[in-house]
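>>> Pasting the sequence and the predicted model now:
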Amino acid sequence: MTMDGDELKAIRRALGISVKRFGRELGYSGKPDTISNQIRGMELDKRPIPASVAQVARDMVKKAGVTVRIRQRSERASDGGEKAKEEKFGGAGGVAGGQG
């Protein structure tokens, strides 16, 4: 299953962690600025999100049991920013996604 930048950013925000920490937990290493730039590039859809990164991010959500509110740029542009999609990704405490 693919992931776009809006979903990746929503996951990071739902987890309440910094871009740098998120990158490290996703398996990136190197200088903090480099990690932050890689993650921000993915969040802005300027860099592809590898399937392995998407899976680790979704696993983090499952483990934390948090709800992810995804605000997609295309929806924000067309409706004034009022639409959002809520998702929980299975596992203990998971709930099916829906429109909010």
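Perfect, I can see it now. Numbering: from 1, shown residues only.

>>> Quick check: which ranges of this protein have low pLDDT?
Low-confidence segments of the chain, defined by pLDDT under 70, span residues 72-100.

>>> what do you get if the cut-off is 90, keeping everything else the same?
By pLDDT under 90, the weakly predicted segments of the chain are 1-2, 64-100.

>>> And the helices in it?
Under the criterion DSSP state H, helices of the chain are mapped to 5-15, 19-25, 32-43, 51-64, 73-79.

>>> Tabulate these (a markdown table), appending mean neighbour count.
No exception for glycine: its C-beta is placed from N, CA and C like everyone else's. Listed next are these as a markdown table, based on neighbours: other Cβ atoms under 10 Å:
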| stretch | mean neighbour count |
| --- | --- |
| helix 5-15 | 21 |
| helix 19-25 | 18 |
| helix 32-43 | 17 |
| helix 51-64 | 16 |
| helix 73-79 | 12 |
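
>>> Near Thr67, how many other residues are there?
Thr67: 17 surrounding residues under other Cβ atoms under 10 Å.

>>> Do I have it right that it meets Ile11?
No - with contact defined as Cβ atoms under 8 Å, Thr67 does not reach Ile11; the gap is 10.6 Å.

>>> Okay, Lys9 and Lys63: tell me how far apart.
As defined by Cβ to Cβ, to the nearest Å, Lys9 lies at a distance of 19 Å from Lys63.

>>> repeat for Glu43
21 Å.

>>> what does Gln38 give?
Plainly put, Gln38 is 22 Å away from Lys63 if you go by Cβ to Cβ.

>>> what does Asp33 give?
Taking Cβ to Cβ as the measure, Asp33 and Lys63 are separated by 27 Å.

>>> With Ile49 instead?
As judged by Cβ to Cβ, Ile49 and Lys63 stand 19 Å apart.

>>> Same question for Leu8.
Here Leu8 is placed at a distance of 16 Å from Lys63 (Cβ to Cβ).

>>> now swap in Ser29 and tell me
Here Ser29 is placed at a distance of 21 Å from Lys63 (Cβ to Cβ).

>>> same check, this time on Phe22
Distance of Phe22 to Lys63, computed by Cβ to Cβ: 14 Å.

>>> Likewise for Ala14?
Distance of Ala14 to Lys63, given as Cβ to Cβ: 12 Å.
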